[in-house]
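**Student:** Output the structure for:
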Amino acid sequence: MSSILLAAVLFLAITAVGTVLGLKLWAKPKEAIERVTATGAGMEYEEETPIHPSLAFRELLNRLGERLPTSPKDVTVMQKRLIRAGLRGPNALKMLYGSKVALGVALPAVMMLATVGSSAETSNKMMAILAAAGFGFFAPNEYVSMMSKRRQKQMGRGLPNALDLMVVCVESGLGLDQAILQVAKELEHAHPEISEEFALVNLELKAGKRRAEALRNLADRTSVDDLKKLVAVLIQADRFGTGVAQSLRAHADFMRVQARQVAEEKAAKLGVKLVFPIFFFILPTLFVVTVGPVAVKIMRELIPMMQGI
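**Tutor:** Next up is the predicted model:
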């Protein structure tokens, strides 16, 4: 009885908080979005189209994210993580914080409803609800980290092709800025992550930033080790006046050797990794297939003989 009363009190508390928060978010009248079309006689106003549920949900997440208290240091760290994950929309940070709030409230409510009729102890129910709240609050952070790692891996795979293409462009007579732009155009479909980053570098150069600063921003945005090495090579070549094509060619050869060494290392470790699957899965299967029929035949002949004795 006490567990049911506690669950009901928690449910009412969460419902009250959600209701107050919803009223606070949505009580303000929405500003009418007027779509204006130019005509010969003047301006005509179109009727406001209904908002799609997904857009309304995004707006709710944005409003929740705006009201979550955060420190400037935390905001800076999360913005860098979102940029590295490729989530660079104007409301990406607000939606992240809004998702943390929404999941941090929704999952405990679901867990509480799921444990209303159970016979578990109150302490275990509270632990399950708190675990659901923690999981819902920190799950968006893990999702962003997973997206960042996947993007970095994809950029690492596409970097050798981008470097070879850049070497060809520079050796054909293009400048480094034009070579970066050409690589961004050529790899738009094959490696969109590299293409996007190189396009951002080109936009920063057009905006008036120095080449070294734009390249450093590239290394900081991506946080890919091989790309950081490439940026260091390009900055040194630009600073000391050495040939860019020669530096890129040497770095491309270094990356090929490094990729070959990594592949050889993985191949060498493959035999050790296959020991456990072979021992626990393949060998028992072979034993059953080879010895099983013989054992069955022996048992069929041996059991009647033992019964006759």
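
**Student:** ok, now which ones touch the closest residue to Ala259 other than its chain neighbours?
**Tutor:** Leaving aside its chain neighbours, Ala259 sits nearest to Pro160 (6.8 Å; criterion: CB to CB, 6 or more residues apart in numbering). All C-beta atoms are positioned from the backbone trio N, CA, C, and that covers glycine. Contacts here follow CB atoms under 8 Å, 6 or more residues apart in numbering; on that basis Pro160 touches 252, 255-256, 259.

**Student:** host element of Gly117?
**Tutor:** Under the criterion DSSP states H and E, no helix or strand holds Gly117.

**Student:** With the one 10 residues further on instead?
**Tutor:** Here Met127, judged by DSSP H and E, is contained in helix 122-171.

**Student:** Check which helices and strands the helix or strand just after that helix is in contact with.
**Tutor:** Note on helix 122-171: by DSSP H and E, the next helix or strand toward the C-terminus is helix 176-186. Counting contacts by 3 or more CB pairs under 8 Å, 6 or more residues apart in numbering; DSSP states H and E, helix 176-186 packs against helix 122-171, helix 192-206.

**Student:** now the angle from the helix holding Met127 to helix 192-206?
**Tutor:** Interaxial angle of helix 122-171 relative to helix 192-206 (axes from the mean of the first three to the mean of the last three CA atoms, to 10 degrees): 60 degrees.

**Student:** Centre of the chain to stretch 175-194, how far?
**Tutor:** If you compare the mean C-alpha spot of stretch 175-194 with that of the full chain, they lie 23 Å apart, counting by CA atoms, centre = their mean, to the nearest Å.

**Student:** Could I get the CA-only coordinates of it as PDB?
**Tutor:** Extracted C-alpha coordinates of stretch 175-194, given in PDB (Å, rounded to 0.1, in the frame of the first residue of the first chain):
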ATOM      1  CA  GLY A 175      47.200  27.400 -55.500                       C
ATOM      2  CA  LEU A 176      46.600  25.900 -52.100                       C
ATOM      3  CA  ASP A 177      43.300  27.800 -51.600                       C
ATOM      4  CA  GLN A 178      42.000  26.700 -55.000                       C
ATOM      5  CA  ALA A 179      43.100  23.100 -54.400                       C
ATOM      6  CA  ILE A 180      41.200  23.000 -51.100                       C
ATOM      7  CA  LEU A 181      38.100  24.300 -52.900                       C
ATOM      8  CA  GLN A 182      38.500  21.800 -55.700                       C
ATOM      9  CA  VAL A 183      38.900  18.900 -53.200                       C
ATOM     10  CA  ALA A 184      35.700  20.100 -51.400                       C
ATOM     11  CA  LYS A 185      33.800  19.900 -54.700                       C
ATOM     12  CA  GLU A 186      35.200  16.600 -55.900                       C
ATOM     13  CA  LEU A 187      34.600  14.800 -52.600                       C
ATOM     14  CA  GLU A 188      31.100  16.100 -52.000                       C
ATOM     15  CA  HIS A 189      29.400  12.700 -52.600                       C
ATOM     16  CA  ALA A 190      32.300  10.300 -51.800                       C
ATOM     17  CA  HIS A 191      33.400  11.800 -48.500                       C
ATOM     18  CA  PRO A 192      30.900  14.500 -47.500                       C
ATOM     19  CA  GLU A 193      32.500  15.100 -44.100                       C
ATOM     20  CA  ILE A 194      35.900  16.000 -45.600                       C
END
